[in-house]
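Chemist: coords please:
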Amino acid sequence: MDFIERHAGWTAEQAAAAEEIRDRAGGGGLKVVRLVFADQHGLLRGKTVTASEVSAVLREGTGIASSLLAKDTSGRTVFPLFTREVPLGLPELRGAADMVMVPDPLTFRMLPWSPGTGWLLCDLRFTSGAPVPLCTRGLLRSVLAQADGLTYRTGLEVEFHLFRLDDPRLGAADLGQPGAAPEVGMLNHGYQYLSELRYDELDPMLDVLRGTLEELGLPLRTLEVEFGPSQVELTLRPADGLGTADAMVLLRSAVKQVAARHGHHATFMCRPHLPGVFSSGWHLHQSMVRGDVGVFAPETDARTGPDAGAGPVVGGPGLSPYGNAFLGGLLRHARATSALSTPTLNGFKRFRALSLAPDRAVWGRDNRGAMVRVLGDSPSSTRLENRIGEPAANPYLYLASQLAAGLDGVVRGLDPGRAADEPYATRAEPLPRSLGEALDALEADRELTERLGKDFVAYYTSVKRAEIARFDQEVTDWEQREYFRVF
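Modeler: The predicted structure is shown next:
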């Protein structure tokens, strides 16, 4: 029996999709397939196999070094792998041993910008067949299973910057870990929000991106000119379960690769160090659905069984009791979830007053200054838009943290309190001002840690603290300006 048959347990739909991929590989239209998984940072890593190997990969998966799970964003390994110590309590990681990438046939795409190239998103298993507990796609799947039969539906609204690439900085003097950042130029001036003229200045490149994303089958809704220079926004139609996270890792990878092939540089970094730029956010629209009916609207509720009366019996204005408690969970756990929705040191520079980004854990009715906007007026449209995220977030961890927080709110009947009419003046718990502060909040949040898994939280915080330690050792431009002349 093959590895995947023994351990992965594909559905009939996945098995049928795998057979179609085999047929395509045998028919000559497929030259290579990129096998990728989303690492702890949400970055895609993997291998490329030739068409002749596709059938074997769909039976056995393919090996890849487990050391990839021990790295920070610079590619530095931050856990010991070659000592007697058991890395992260997982003996399977010792010696950077292999793990197995198991492709999910339902994620297969042909890449429009690379003729003859297929793409498959993978889950991770150890060679024993056991799931790798540090696989972030698997973690989201485990939190989705906690939803008591309801479907978690999300839609993404993501901002990023699109620049002209002036110099990729690939000379010998630019090497490093990481290497020098590229030099870029603006494609348009900023601060003309949703200007058609500004959009037309970006249209030559945006039209290429639009065509690519549609060819990939991503549910693209809108392309918009955002507030800052060379800043744009894309929105996708809502998807269920893993769908939005899978779409986000593919979208980011596609946008960056296609932009580079056309002499541009796309970045999902929150706040690039360039004059006049504006921070980018990732706003996550979310609802819970039974069948095809949303349960956040006032006339609906999802609680059944002997505990149906637990918690608040009256929903907040515009929300059902279930939706009200879910919102309460998002607010109660906001400081902890920010470590997963805003996982870079740079991202916390976005949390500032009067900036269209949140700075405290409050909610409002269609208020863009609040952390969470309550939107919609029917079961199908009522949703919560959390504006806490940055576009560099690992999508699986962002969604998992949001769902875990909301579900805890439902179980404990958490009350979100009154809507904030003045979101930047309302007395409320402030969002963390740094990644270190957010990690402290995550480690201290017992309920969220239980839902995400104590071992995973310990692993994740260790990786991120290693990045903070590197940053703390660097001399910054600010320090040079502040002290070099005056002292």
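
Chemist: list the contacts for V295?
Modeler: 150, 287-289, 301-302, 320, 322-323, 379 (Cβ atoms under 8 Å, 6 or more residues apart in numbering). Backbone N, C-alpha and C define where each C-beta goes, glycine included.

Chemist: swap in V100?
Modeler: Contact analysis of V100 by Cβ under 8 Å, 6+ apart lists 3, 60-64, 124-127.

Chemist: The nearest residue to R451 once chain neighbours are set aside and S341: what is the separation?
Modeler: Sequence neighbours aside, A404 is the residue nearest to R451 in space, at 3.9 Å (criterion: Cβ to Cβ, 6 or more residues apart in numbering). As judged by Cβ to Cβ, to the nearest Å, A404 and S341 stand 12 Å apart.

Chemist: who's more crowded, these two?
Modeler: Set A404 next to S341 and count neighbours by other Cβ atoms under 10 Å: A404 wins out with 28 against 24.

Chemist: Where does the more buried one sit, in terms of helix or strand?
Modeler: According to DSSP states H and E, A404 maps onto helix 395-412.

Chemist: any idea which strand is longest in this structure?
Modeler: Determined from DSSP state E, the single longest strand within the chain is strand 151-167.

Chemist: Now that strand: buried residues?
Modeler: By neighbour count, and taking 16 or more other Cβ atoms under 10 Å as the criterion, the buried residues in strand 151-167 are 151-165.

Chemist: Return the member of these nearest to P229.
Modeler: Ranked by distance to P229 (Cβ to Cβ), the buried residues of strand 151-167 are led by H161 at 8.3 Å.

Chemist: thinking again about what came up before, now the helix or strand that comes right after the helix holding A404, how far from the chain's geometric center?
Modeler: Counting by DSSP H and E, the next helix or strand C-terminal to helix 395-412 is helix 435-444. Helix 435-444 has its C-alpha centroid displaced from the chain centroid by 18 Å (Cα atoms, centre = their mean, to the nearest Å).

Chemist: likewise stretch 348-357?
Modeler: Relative to the centre of its chain, stretch 348-357 is centred 19 Å away, using Cα atoms, centre = their mean.

Chemist: Also stretch 247-267?
Modeler: Relative to the mean C-alpha coordinate of its chain, stretch 247-267 is positioned 15 Å out (Cα atoms, centre = their mean).

Chemist: hey, C-alpha coordinates of it in CSV?
Modeler: Output in CSV follows, covering the C-alpha atoms of stretch 247-267 (Å, rounded to 0.1, in the frame of the first residue of the first chain):
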residue,chain,number,x,y,z
ALA,A,247,-6.0,31.5,-1.7
MET,A,248,-3.9,34.0,0.2
VAL,A,249,-0.6,32.1,0.0
LEU,A,250,-1.1,31.5,-3.7
LEU,A,251,-2.1,35.2,-4.3
ARG,A,252,1.0,36.6,-2.5
SER,A,253,3.3,34.2,-4.3
ALA,A,254,1.7,34.9,-7.7
VAL,A,255,1.7,38.7,-7.3
LYS,A,256,5.4,38.8,-6.3
GLN,A,257,6.6,36.4,-9.1
VAL,A,258,4.6,38.0,-11.9
ALA,A,259,5.5,41.5,-10.8
ALA,A,260,9.2,40.5,-10.8
ARG,A,261,8.9,39.1,-14.3
HIS,A,262,7.6,42.5,-15.5
GLY,A,263,10.3,44.6,-13.9
HIS,A,264,8.3,45.5,-10.7
HIS,A,265,8.6,44.7,-7.0
ALA,A,266,5.5,43.8,-5.0
THR,A,267,5.8,43.7,-1.2
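
Chemist: which other residues reach it?
Modeler: For stretch 247-267, the external contacting residues (Cβ under 8 Å, 6+ apart) are 36, 38, 42, 44, 107, 109, 111, 113, 119, 121, 156, 158, 160-165, 182, 184, 187, 205, 208-209, 212-213, 216, 218-219, 234, 236, 239, 268, 391, 395.

Chemist: Of the residues you listed, grab the buried ones for ChimeraX.
Modeler: Selection of buried members from these for ChimeraX, criterion 16+ other Cβ under 10 Å:
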select :36,38,42,44,107,109,111,119,121,156,158,160,161,162,163,164,165,182,184,187,205,208,209,212,213,216,218,219,234,236,239,268,391,395
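
Chemist: Just the ones of the contacts of stretch 247-267 in strands?
Modeler: 36, 38, 44, 109, 119, 121, 156, 158, 160-165, 184, 234, 236, 239.

Chemist: before we move on, the earlier item: and the residue nearest to R451, how close does it get to T337?
Modeler: As for A404, its distance to T337 is 8 Å (criterion: Cβ to Cβ).
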